[in-house]
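Student: quick one: sequence plus predicted model below, questions after.
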Amino acid sequence: MTAHKPGDPTTLNRLYGRSVGKPLRAGKQELVDTLLPQLAVPADGPITAERLFGTDRPLHFEIGFGGGEHLAHRADLLPDHGFIGAEPFLNGVASALTHIKEGGLANIRLQHGDALEVLDRVPDGALTMVYLLHPDPWPKARHAKRRMMNPGPVEMIAAKLKPGGEFRFGTDHPVYLRHALMVMRRYCTEDGPFEWLCDGPQDFLKRPGGWPQTRYEAKARKQGHEVWYFRYRRR
């Protein structure tokens, strides 16, 4: 297994996909202009719980939080934990800011942009949980390198999780599912960094407790898609 070298772009994905959608309404634009600067992850330097929240606490990281439903739910459920969410899509960031304001959530920090750039600055072994829920599937074979579930990002996630920490992954796309299982198989060996928390089909066909439905999952189910849930523990 090739170890991740911090700051080495050859071991990582670059950021792909859209970053801006429909023009924001005035209220959401105001949140982006006023609230986001207060909650933004620092542009440089190490990313620690103490630096972000002023105290040492369990730290969670969500890669591509979409509209922020899951991020806000988890932060509300665990107010003594700290949460970092990264999302390149501005409209998703604006939606997350709405959840944060309405919920009075003081334990979330946001990155509008590349998740891996921030994750790279988190000290090794500092994270309690990492979430990757319904990432862009990039279904064409020639785009497979753009998928977040690839060796570079997975090795970085493994490095940043503490022993016993958990990596949660969810998708409704069969092509991405097969690709992710192929990638994770090499990291769930006896001497690999992860243990797949699965005793049977019920463990990946039923959403675990404390894992709320996102808008993308709801859309998938409305379209008749099956959804799969995966939990991996850091050895």
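Tutor: Here it is on my side, so go on.

Student: and the contacts of the longest strand seen in the chain?
Tutor: Criterion DSSP state E: the longest strand present in the chain is strand 161-171. The contact list for strand 161-171 (CB atoms under 8 Å, 6 or more residues apart in numbering) reads 125-135, 137, 149, 157-158, 177, 180, 194, 197, 208, 211, 217, 227-235. Bear in mind the C-beta positions are built from the backbone N, C-alpha and C, glycine included.

Student: these, buried ones only, as a PyMOL selection?
Tutor: Listed next is the PyMOL selection for buried residues among the contacts of strand 161-171, using 16 or more other CB atoms under 10 Å:
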select buried, resi 126+127+128+129+130+131+132+133+134+135+137+149+157+158+177+180+194+211+217+227+228+229+230+231+232+233+234+235
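
Student: in strands, which of the contacts of strand 161-171 fall?
Tutor: If you go by DSSP E, the contacts of strand 161-171 have 127-133, 194, 228-234 in strands.

Student: list just the nearest of those to residue 62.
Tutor: Using CB to CB, residue 131 is the member of these that lies nearest residue 62, at 4.3 Å.

Student: need the contact list for residue 76.
Tutor: By CB under 8 Å, 6+ apart, the contact set of residue 76 is 103, 105.

Student: which helix or strand contains it?
Tutor: For residue 76, the host element (DSSP states H and E) is helix 69-77.

Student: show me what whichever helix or strand comes after that helix is packed up against.
Tutor: Under the assignment DSSP H and E, the closest C-terminal helix or strand after helix 69-77 is strand 82-87. Contacts defined by 3 or more CB pairs under 8 Å, 6 or more residues apart in numbering; DSSP states H and E place strand 82-87 against helix 49-53, strand 59-63, helix 69-77, helix 90-103, strand 108-112, helix 115-119.

Student: which pLDDT value goes with the residue located most distally from the centre of the chain?
Tutor: The C-alpha centroid of the chain is most remote from residue 26, which lies 27.7 Å away (CA atoms, centre = their mean). Here the pLDDT value assigned to residue 26 is 96.
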